[in-house]
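> Sequence plus predicted model, see below.
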Amino acid sequence: MAKRGVRLVLFLIVLAVIVSAAGMTLVFLAVGRQPSVARNSTLVLKLDGDLHEVPTDGVVRQLLEGSGPSGLRAVLQNLQRAKTDARVGAVLIVPTGLAAPLWAKVQEVHDAIVDFRKSGKPAIAFLEYAGEREYYIAAACDRIFLTPTATLDLNGLATYEVFLRGTLDRIGVYPDILHTGEYKTAFNAFTERGFTPAHREMSDSLTRDLYDQLVERVADSRGKTADDVRALLDQGPFSSRQALEAGFVDELAYVDQIDDRTPLPGGALRRLDADEYGRVGAGRFGLGGGPKIAVIYATGVIASGEGGYDPLMGAVLGSDRLNEYIRDARGDTSIRAIVVRIDSPGGSAVASDAIWRELVLTRDEKRDRPLVVSMSDLAASGGYWIATAAPHIIAQPGTLTGSIGVITGKMVTGGLYEKLGANIESVSQGRHAEIASPARPFTDSERARLAALMEDTYQAFLSKVAESRDMTVEEVTAIAQGRVWTGRQAERIGLVDELGGLDRALAVAKERAGIGADERVQVVVYPPRRSVYELISRGLAGEGASLPALLPAEDRRLIGLFAAPALLAGAGEPLALMPALTLR
């Protein structure tokens, strides 16, 4: 009887696996069929979420998304296709509930809509609600509709930063931190009770420049002067009627009234869902084939090892895994150019340097294979360290970059243990054996050793930047000190070469590789999408079922930015990590 019971259980397990695999395969095949596109269609792009650069590893999500791109790549690709597709006569942009906390991706979508309009086809925006980011995207369109009962939350920009030193003092935790440069503020959330003068100066500079970018783009799009827009924003937020009177929107209407209020191809709103449109083969648009260009995505907090996904920090960029992709691209003789797309606040200096070295080898192996860096929302600290391997760096005006500096330290939790009635005792041999002790701060000798190691890392960082940007170390030091810059500021001081998005980086790569500007190319993306077999064999491990995963994306990002230094910091490991900035 026992053997029969075991056999029955094993049979049921095998049957469940087969049924699950078959079900997932059927889902994949169902969504994999290419849809038909009617003439005079209006492509509807609903923009929500965080406009992620690369997809998650979730099984269900990847099966439903199919083999095509998702997130920001899908938006940009759909607009590029619709520009030349005779069956698509217009696009309807619906930005709602954007969780993208920063600005570069938002700017990239805005620029892609402007480029789409060069086709002569109309781009229409419909807003159920809009804050600054949603409106920034809508401002790229020919006409903007706002729901009659909605508000337009155009108030300006503010930077919020939480300081936890008082809380740590209450619970008996002491942050023992060393850093290079007065602007290297990645641990200030733990060491300070408020802004230091340098920290406030940097935050004010970033917020002011991003606000100026918002004002200038809105003024240009709506036919106003910058002074007029600033004066109007000081009166926000706006009711729908006030937004109409101020000239921020063109008409008040519900979505079903749009085709009655504006000319559409065919005289009616023939909706074409963006997800369906994304499954249409690239060959239909003349976008596939031709010479190959690799796009390697470097996204997330940088750490040694394989990387993966952390519920708090989000994507973790593992140096081992990324270097495998770099070597794969380098070894593929059919690839004519390589673009590295960076969206990272930095992390481990050692892991950043390992990635830099692999990119330098790739750059130097064949001089006729250009290496170009495209910066997304973040390419700061360790993210900028990686970028210095490329001879040409492109950033969006709103990219946050720089943060050239190093930080290290530990959280001393001995006081917390005492409050809880616990005691930590140790036995060790060696003068600095207890350098990582959680029970006490660094001794003078330990602090001196860490300071020397950190200074060595900082000097290596400065030297790499100086060589990459054709500067002296003294010139780099003047703009380093851990200071974060917007992409526009970084261009002015020589840290990046030009402003633009991924499309511009691909154009530069083509030009430098001797590929004609109008010649079609095949983009090879790293990391590659997982096969159906890999997804099924992995099971549901990538779905991220944890309490932090249930939080909204923006809240997870905020917690992760504060947690990253503590989670990444080893015993004196130098970190090249930017400060936690929350822009609203």
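Yep, it's here.

> And the one residue sitting closest to the centre of the chain, how close does it get to Lys105?
Most central in the chain under C-alpha atoms, centre = their mean is Asp343, positioned 4.3 Å from the mean C-alpha point. Distance of Asp343 to Lys105, given as C-beta to C-beta, to the nearest Å: 8 Å. Where you see a C-beta, it was placed from the backbone N, CA and C, and this is true even at glycine.

> circling back: the residue nearest to the residue nearest to the centre of the chain when sequence neighbours are not counted - how many residues pack around it?
Nearest residue to Asp343, sequence neighbours excluded (C-beta to C-beta, 6 or more residues apart in numbering): Ser376, at 3.7 Å. Other residues within reach of Ser376, judged by other C-beta atoms under 10 Å, total 26.

> now do the one 5 residues further on
When counting by other C-beta under 10 Å, one arrives at 32 neighbours for Ser381.

> Thought Pro345 was touching it, still the case?
Yes - Ser381 is in contact with Pro345 according to C-beta atoms under 8 Å; the separation is 6.6 Å.

> The helix or strand harbouring the residue nearest to Asp343 - contacts with which helices or strands?
Element membership of Ser376, judged by DSSP states H and E, is strand 371-380. Judged by 3 or more C-beta pairs under 8 Å, 6 or more residues apart in numbering; DSSP states H and E, strand 371-380 is in contact with helix 104-117, strand 335-344, helix 349-365, helix 382-387, strand 392-395, strand 400-402, helix 502-512.

> Tell me which strands it pairs with, and in which orientation.
Strand 371-380 has the following strand partners under DSSP bridges: strand 335-344 (parallel), strand 392-395 (parallel), strand 400-402 (parallel).

> of those strands, which approaches Asp310 most closely?
Comparing those by their distance to Asp310 (C-beta to C-beta), the top pick is strand 335-344, with 13.6 Å.

> What angle do helix 349-365 and the strand holding Ser376 make with each other?
Interaxial angle, strand 371-380 versus helix 349-365 (axes from the mean of the first three to the mean of the last three C-alpha atoms, to 10 degrees): 160 degrees.

> how about strand 371-380 as PDB, C-alpha atoms only?
C-alpha atoms of strand 371-380 as PDB (Å, rounded to 0.1, in the frame of the first residue of the first chain):
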ATOM      1  CA  LEU A 371      31.500  51.400 -28.300                       C
ATOM      2  CA  VAL A 372      28.900  54.000 -27.400                       C
ATOM      3  CA  VAL A 373      27.200  54.600 -24.000                       C
ATOM      4  CA  SER A 374      23.600  55.700 -23.700                       C
ATOM      5  CA  MET A 375      22.500  56.900 -20.300                       C
ATOM      6  CA  SER A 376      18.900  56.400 -19.100                       C
ATOM      7  CA  ASP A 377      17.500  57.900 -15.800                       C
ATOM      8  CA  LEU A 378      20.700  57.100 -13.800                       C
ATOM      9  CA  ALA A 379      24.400  56.600 -14.700                       C
ATOM     10  CA  ALA A 380      25.900  57.800 -11.500                       C
END
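
> now it: how far from the chain's centre is it?
Offset of strand 371-380 from its chain centre (C-alpha atoms, centre = their mean, to the nearest Å): 10 Å.

> pLDDT on that strand, on average?
For strand 371-380, mean pLDDT is 97.

> before we move on, what about stretch 503-519?
In this model, stretch 503-519 carries a mean pLDDT of 95.

> Give me the buried stretch members for that stretch, please.
Neighbour counts over stretch 503-519 (16 or more other C-beta atoms under 10 Å) mark 503-506, 508-510, 512-513, 515 as buried.

> per-domain residue ranges of this protein.
What automatic domain parsing lists as the domains of the chain is 35-155+236-282, 289-422+435-583.

> Of all the ones you listed, which one is nearest Leu168?
Comparing the domains of the chain against Leu168 with C-beta to C-beta, the closest turns out to be domain 289-422+435-583 (8.1 Å).

> From the chain's centroid, how far away is that closest one?
Mean-position distance between domain 289-422+435-583 and its chain equals 11 Å (C-alpha atoms, centre = their mean).

> now stretch 95-103
For stretch 95-103, the distance to the chain centre is 12 Å (C-alpha atoms, centre = their mean).

> Over to it now: how far is its first residue from its last?
End-to-end distance for stretch 95-103: 14 Å, by C-alpha to C-alpha, to the nearest Å.

> Report the buried residues of it.
By 16+ other C-beta under 10 Å, the buried positions in stretch 95-103 come out as 95, 98-103.

> Select from those residues every entry located in strands.
Mapping those onto strands (DSSP state E) picks out 95, 98.

> what's the lowest-pLDDT member of the buried residues of stretch 95-103?
Ala100 (73).

> What values do phi and psi take at it?
The phi/psi pair for Ala100 (degrees, to the nearest 10) reads phi -60, psi 110.

> Then Thr196?
Torsion angles, degrees, to the nearest 10, at Thr196: phi -80, psi 160.

> so what sits against both of Asp343 and Lys105?
Common contacts of Asp343 and Lys105 (C-beta atoms under 8 Å, 6 or more residues apart in numbering): 53, 376-377.

> Same list (those residues) but as CSV, adding distance to Glu446.
Output for these, formatted as CSV (distance: C-beta to C-beta, whole Å):
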residue, distance to Glu446
Glu53, 39
Ser376, 38
Asp377, 36
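
> which of those residues lies closest to Ala439?
Lowest distance from Ala439 to the shared contacts of Asp343 and Lys105 (C-beta to C-beta) belongs to Asp377, with 38.8 Å.

> Could you measure from the nearest residue to that closest one once chain neighbours are set aside over to Val484?
Of all residues not flanking Asp377 in the chain, Leu102 sits nearest, at 3.9 Å (C-beta to C-beta, 6+ apart). According to C-beta to C-beta, Leu102 stands 12 Å off from Val484.

> Likewise for Asp234?
As judged by C-beta to C-beta, Asp234 and Val484 stand 27 Å apart.

> same thing with Asp212?
Going from Asp212 to Val484 by C-beta to C-beta gives 16 Å.

> Compare those two and say which is more crowded by neighbours.
The neighbour comparison of Asp212 against Val484 (other C-beta under 10 Å) goes to Val484, with 28 against 16.

> Name the residues linked to the more buried one by a beta bridge.
Assigned bridge partners for Val484, using DSSP bridges, are Gly402.

> Give me the angle between the strand holding Ser376 and helix 104-117.
Put simply, strand 371-380 runs at 130 degrees to helix 104-117, going by the same axes, to 10 degrees.

> Okay, buried residues for stretch 250-262 please.
Quick answer for stretch 250-262 (16+ other C-beta under 10 Å): 250, 252-253, 258-259, 262.

> Please report how far Val173 lies from Glu161.
Applying C-beta to C-beta to Val173 and Glu161 gives a distance of 19 Å.

> That should have said Asp153, apologies.
Going from Asp153 to Glu161 by C-beta to C-beta gives 21 Å.

> Neighbour count: those two, which is higher?
For Asp153 versus Glu161, neighbours defined as other C-beta under 10 Å are more numerous around Glu161 (19 against 14).

> For the more buried one, report the pLDDT, please.
Looking at Glu161, its pLDDT is 89.

> likewise Gly23?
Among the per-residue scores, Gly23 shows a pLDDT of 52.

> Check Asp470 too.
97.

> Equivalent analysis for Leu359, please.
pLDDT for Leu359: 97.

> Over to Phe285?
Looking at Phe285, its pLDDT stands at 48.

> cool, and the one 10 residues further on?
Turning to Val295, the model gives it a pLDDT of 97.

> which strands and helices sit next to the host helix or strand of Tyr309?
Assigned by DSSP H and E, Tyr309 belongs to strand 307-310. Applying 3+ C-beta pairs under 8 Å, 6+ apart, one finds that strand 307-310 makes contact with strand 314-318, helix 319-331.
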